[in-house]
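Colleague: coords please:
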Amino acid sequence: MNEYDSAKIADILAASCGLVTTETPSKADLIILNTCSVRAKASEKVFSELGRLRFLKKKNPNLVLAVGGCVSMQEQTNIFRRAPYVDIVFGPQTLHRLPKMYEKACNKEKRIIDITTPKIEKFDYFPTPDVKGAIAHVSIMEGCNKFCSYCIVPYTRGIEMSRPSIDILAEIKTLTDQGVKEIQLLGQNVNAYRDPNKKYTFSNLIHEIAKIKTIERINFTTSHPAEFGDDLITAFASEPKLTNYIHLPIQSGSNRILKLMRRGYTCEEYQEIIDKLRKIRPNIGVSTDIIVGFPTETEEDFADTMEIVQTINFDAAFSFIYSPRPNTPAAKMEDNIPLAQKKQRLLDLQNQLAIQSRQYNKTMVGTIQKVLVVGRDKKNHNQYSGRTENNHIVHFTAPKDLLGEIVEVKIVDAMSNSLRGELL
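Modeller: Here you go, the predicted structure:
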């Protein structure tokens, strides 16, 4: 989501202010930190980076520093207190107002802040996207209504707001006209999408997108198990353009912890979703999110998590130590687990996940995969990389430019985090 927002910020500033991106911070007129506050470590990184940028501000008093995204919503005026040399603070829903804020900063106005949450107004101000590459993100909704006890997103991104399907389809058509072949639909809780003008559900939207002939792949993230209905499962059976991959956060393998997290489902219900998907698509790739060390997590709770990780046999996962976020219910719970124990649990979990990932990669050796070519080595122009339909990276050589193409590749070797193949 932040990558999508950052791209839109660049588009808006180019169209409104004539600004272009630079890889050299010392040459910049405007530096923006687009931030995430899902974990405490990410938030603190913002202030560390601001500390480094202070020296650029001293050398160039005309440099404008802006902080946007979720940390802005969480910290608000505290950013000006900790980093008084920051000029602009804006939220995820007001990035379209950045040109006017930048103009005020250039006129030496101080401490400019706009952290309001005006529904989905920002999408009306986005200029025509200019994309390079075969994959593009499209945000279909903002916010979340789930209010999981550990999560700060509803407080920083706001409640769920879905974009009209007509606007989403128009944006996708613009992207495909520029050569995009895979669309990745984005939302904090993407499968809770409801068209505000029609009776479209998320699965209805997928079917409409699939009708666009130039689209070859449809992907989405992040979905929520409590919203994963049979209509979405059926879409995997009827829509071949849906990639053979699903990212579905489970967060814990303990029903007791899931209840404390306010996740709204049990491990058995989660398992049922995966079983239904694998019945339709036996080789579907499944990744997840897992939090270890949630307040009061016992050895038995953690053992339940390890058990379900092996039972479902995730081929990839994003795993983290629990990070208390301000003003969330979980932050008020007794955090009675020593940090050393949390770190050991995370290590044990990640070691198991690494074993499963390698095993999954090995099962792909000898298979023929359709690979969307997305990268080319800067030094060796015959070396390419791409993604399979189950979201695995493949490296291979080719005698001609294949960027943006979907090609058949035979997998010949499996490494820890990627595959090697031969172009057919």
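
Colleague: Pull out the buried positions in the host helix or strand of V412.
Modeller: Using DSSP states H and E, V412 maps to strand 406-414. Applying a neighbour-count criterion of 16 or more other CB atoms under 10 Å, the buried positions in strand 406-414 are 406-407, 409, 411, 414. For glycine as for every other residue, the C-beta is placed from the backbone atoms N, C-alpha and C.

Colleague: Averaged pLDDT, it. What do you get?
Modeller: In this model, strand 406-414 has an average pLDDT of 97.

Colleague: can you list contacts of it?
Modeller: Strand 406-414 is contacted from outside by 181, 216, 358, 361-362, 364-373, 386, 394, 396, 398, 419-424, using CB atoms under 8 Å, 6 or more residues apart in numbering.

Colleague: and the residues you listed, which are buried?
Modeller: Buried members of the contacts of strand 406-414, counted by 16+ other CB under 10 Å: 181, 216, 361, 364, 369, 371-373, 386, 394, 396, 398, 419-421, 423.

Colleague: Please name the nearest non-neighbouring residue to S238.
Modeller: Nearest non-adjacent residue to S238, counting by CB to CB, 6 or more residues apart in numbering: H207, 7.9 Å away.

Colleague: so which strand or helix has that neighbour?
Modeller: helix 202-210.

Colleague: Kindly export whichever helix or strand comes after that helix (C-alpha atoms) in PDB.
Modeller: Helices and strands here follow DSSP H and E; after helix 202-210, the next one along the chain is strand 217-221. This file holds the C-alpha atoms of strand 217-221, laid out as PDB (Å, rounded to 0.1, in the frame of the first residue of the first chain):
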ATOM      1  CA  ARG A 217      -3.000 -12.200 -14.100                       C
ATOM      2  CA  ILE A 218      -4.900 -11.000 -11.100                       C
ATOM      3  CA  ASN A 219      -3.400 -11.000  -7.600                       C
ATOM      4  CA  PHE A 220      -4.500  -9.500  -4.300                       C
ATOM      5  CA  THR A 221      -3.400  -8.700  -0.800                       C
END
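
Colleague: What is strand 217-221 packed up against?
Modeller: strand 182-186, helix 202-210 (3 or more CB pairs under 8 Å, 6 or more residues apart in numbering; DSSP states H and E).

Colleague: Count residues in the vicinity of R256, would you?
Modeller: Around R256 there are 14 other residues, counting by other CB atoms under 10 Å.

Colleague: was I right about it contacting F302?
Modeller: No - assessed by CB atoms under 8 Å, R256 is found out of contact with F302, at 11.5 Å.

Colleague: CA-only coordinates of stretch 41-56 in PDB, if you can.
Modeller: Provided in PDB are the C-alpha atoms of stretch 41-56 (Å, rounded to 0.1, in the frame of the first residue of the first chain):
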ATOM      1  CA  LYS A  41      10.700  -0.600  15.000                       C
ATOM      2  CA  ALA A  42       9.400   0.900  11.700                       C
ATOM      3  CA  SER A  43       8.200   4.000  13.600                       C
ATOM      4  CA  GLU A  44      11.500   4.500  15.300                       C
ATOM      5  CA  LYS A  45      13.300   4.200  12.000                       C
ATOM      6  CA  VAL A  46      11.500   7.300  10.900                       C
ATOM      7  CA  PHE A  47      13.000   9.400  13.600                       C
ATOM      8  CA  SER A  48      16.500   7.900  13.000                       C
ATOM      9  CA  GLU A  49      16.200   8.800   9.300                       C
ATOM     10  CA  LEU A  50      15.000  12.300  10.200                       C
ATOM     11  CA  GLY A  51      18.100  12.700  12.400                       C
ATOM     12  CA  ARG A  52      20.300  12.000   9.400                       C
ATOM     13  CA  LEU A  53      18.300  14.400   7.100                       C
ATOM     14  CA  ARG A  54      18.800  17.200   9.600                       C
ATOM     15  CA  PHE A  55      22.300  17.700   8.400                       C
ATOM     16  CA  LEU A  56      21.000  18.100   4.800                       C
END
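
Colleague: how about the helices in this structure?
Modeller: Here the chain has its helices, by DSSP state H, at 2-17, 40-59, 70-75, 78-82, 98-106, 153-156, 165-177, 202-210, 230-238, 255-261, 267-280, 299-312, 339-363.

Colleague: what's the distance between A83 and Q369?
Modeller: Distance from A83 to Q369, counting by CB to CB, to the nearest Å: 47 Å.

Colleague: And the nearest residue to L260 once chain neighbours are set aside, what's its pLDDT?
Modeller: Spatially, and ignoring its direct neighbours in sequence, L260 is nearest to S149 (6.4 Å; CB to CB, 6+ apart). Listed pLDDT for S149 reads 97.
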